[in-house]
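**Student:** here are the coordinates; sequence isn't available:
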């Protein structure tokens, strides 16, 4: 926790995979505050071309297209199964698509354009 920005960027850039377990073991209906709300860190990992694997709850469930820009799992066993099934040639394709997806939908410019659209209406 609380690594420097430079260290965080370095970790993202040198990682092939990113696992995100927030919400595992939580009853999402009873405690929605305990699952990932948007998924900023998975998006950062996608943008850095890491293949993301996230627990299927909250924001990541809305962001991830299974097998296209990452993977969703519901248990540790399912994550292990997914990791075993990923073919080496898929890694680059998923990483590239994920990076393009994150940049196309969540870049600063996209945010700025959306905000200006709201302000100017």
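**Tutor:** That came through, no problem. Everything quoted here is computed from the prediction, not taken from an experiment. Residues are numbered from 1 along each chain as shown.
**Student:** Tell me how far the closest residue to residue 21 other than its chain neighbours lies from residue 39.
**Tutor:** Residue nearest to residue 21 in three dimensions, not counting chain neighbours: residue 55, with 5.4 Å by Cβ to Cβ, 6 or more residues apart in numbering. For the C-beta atoms, the positions are set from N, CA and C on the backbone; glycine is no exception. In this view, residue 55 and residue 39 are 10 Å apart by Cβ to Cβ, to the nearest Å.
**Student:** now residue 14
**Tutor:** Taken as Cβ to Cβ, the span from residue 14 to residue 39 is 21 Å.
**Student:** Over to residue 100?
**Tutor:** 17 Å.
**Student:** For the nearest residue to residue 49 once chain neighbours are set aside, which three-state class applies?
**Tutor:** Closest residue in space to residue 49, ignoring its immediate chain neighbours: residue 95 at 4.2 Å, by Cβ to Cβ, 6+ apart. Assigned with DSSP: H, G, I helix; E, B strand; the rest coil, residue 95 falls in the helix class.
**Student:** Surely residue 95 is in contact with residue 50?
**Tutor:** Yes. Contact criterion Cβ atoms under 8 Å: residue 95 and residue 50 qualify, at 6.6 Å.
**Student:** Looking only at neighbour counts, state which of the two leads.
**Tutor:** residue 50 (25 against 21; other Cβ atoms under 10 Å).
**Student:** Nothing else from me, thank you.
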